[in-house]
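S.K.: following is a predicted model, sequence given first.
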Amino acid sequence: MFIIGDRIVYPMHGAGIIEEIEEKLILGERRNYYILRVPCGDMKIMIPIESCQEIGVRAIISVEEVNEVIGVLSAESSEMSNNWNRRYRENMEKLKTGDIFNVAEVVRNLMRTDKEKKLSTGEKKMLSNAKQILISEIILVKNIDHETAEQIINSAI
């Protein structure tokens, strides 16, 4: 269980800071929720505490692990399907894991693919979302601003 002030990652949404723990009555059920503030877009998310494990909520990575993420970003692209639909599904599965290294791999591969040939609209949206997830965690780990985090990603790729 996490406490107020903890920095956590909510898969598919990114990293944030727990601002509050509230009890809410939703659809006739009383539950406790983490109120998470995400630095990108200044979004607030309610996460049911009892579902955290199955959703894949985790603590943010360490500063040392950011260097490993940068290593993933600068590594060779991994083999991807030429079929955009299959590629989209495979990348979506990686993002759903909430694993920062999978997210970095998706960002790297899609950014490089976009330079070679234009991405589909769905893949462009996926790249934007994946990049925001990655940026939000780097911001919280390194205590830097959005632009600096984005620069780290872009220069690594």
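M.R.: Done, it's in.
S.K.: distance of Gln53 from Ser81?
M.R.: To Ser81, Gln53 is 31 Å away according to Cβ to Cβ, to the nearest Å. (Each C-beta comes from the backbone N, C-alpha and C, glycine too.)
S.K.: what's the closest non-adjacent residue to the residue minimising distance to the centre of the chain?
M.R.: The structure's the chain has its C-alpha centroid closest to Ile133; by Cα atoms, centre = their mean the separation is 2.7 Å. The shortest distance from Ile133 to any non-neighbouring residue, by Cβ to Cβ, 6 or more residues apart in numbering, is to Gly14 (4.3 Å).
S.K.: my read: the one you found touches Ser136, true?
M.R.: Yes: Gly14 is within contact range of Ser136, at 3.5 Å (criterion: Cβ atoms under 8 Å).
S.K.: okay, and the common contacts of those two?
M.R.: Common neighbours of Gly14 and Ser136, counting by Cβ atoms under 8 Å, 6 or more residues apart in numbering, are Val38, Cys40.
S.K.: in the longest strand along the chain, what counts as buried?
M.R.: Ranked by residue count and defined by DSSP state E, the top strand of the chain is strand 14-26. For strand 14-26, burial by neighbour count (16 or more other Cβ atoms under 10 Å) applies to Gly14, Ala15, Gly16, Ile17, Ile18.
S.K.: ok, so of these, who is nearest Ile3?
M.R.: Nearest to Ile3 among the buried residues of strand 14-26 is Ile18, at 7.0 Å by Cβ to Cβ.
S.K.: picking that back up, looking at Gln53 and Ser81, which is more packed in?
M.R.: Ser81 (12 against 9; other Cβ atoms under 10 Å).
S.K.: doesn't that one belong to a strand?
M.R.: No: with DSSP: H, G, I helix; E, B strand; the rest coil as the criterion, Ser81 is located in coil rather than a strand.
S.K.: per-residue pLDDT, the closest residue to it other than its chain neighbours?
M.R.: Leaving aside its sequence neighbours, Ser81 sits nearest to Arg87 (Cβ to Cβ, 6+ apart; 4.6 Å). We have a pLDDT of 88 for Arg87.
S.K.: need the helices for this structure, in chain order.
M.R.: Per DSSP state H, the chain carries helices over the ranges 52-55, 63-74, 84-96, 100-116, 121-142, 146-156.
S.K.: how about JSON lines for those, with distance to Ile8 added?
M.R.: JSON lines is the format used below for the helices of the chain (distance: least, Cβ to Cβ, whole Å):
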{"stretch": "helix 52-55", "distance to Ile8": "8"}
{"stretch": "helix 63-74", "distance to Ile8": "15"}
{"stretch": "helix 84-96", "distance to Ile8": "17"}
{"stretch": "helix 100-116", "distance to Ile8": "12"}
{"stretch": "helix 121-142", "distance to Ile8": "9"}
{"stretch": "helix 146-156", "distance to Ile8": "17"}
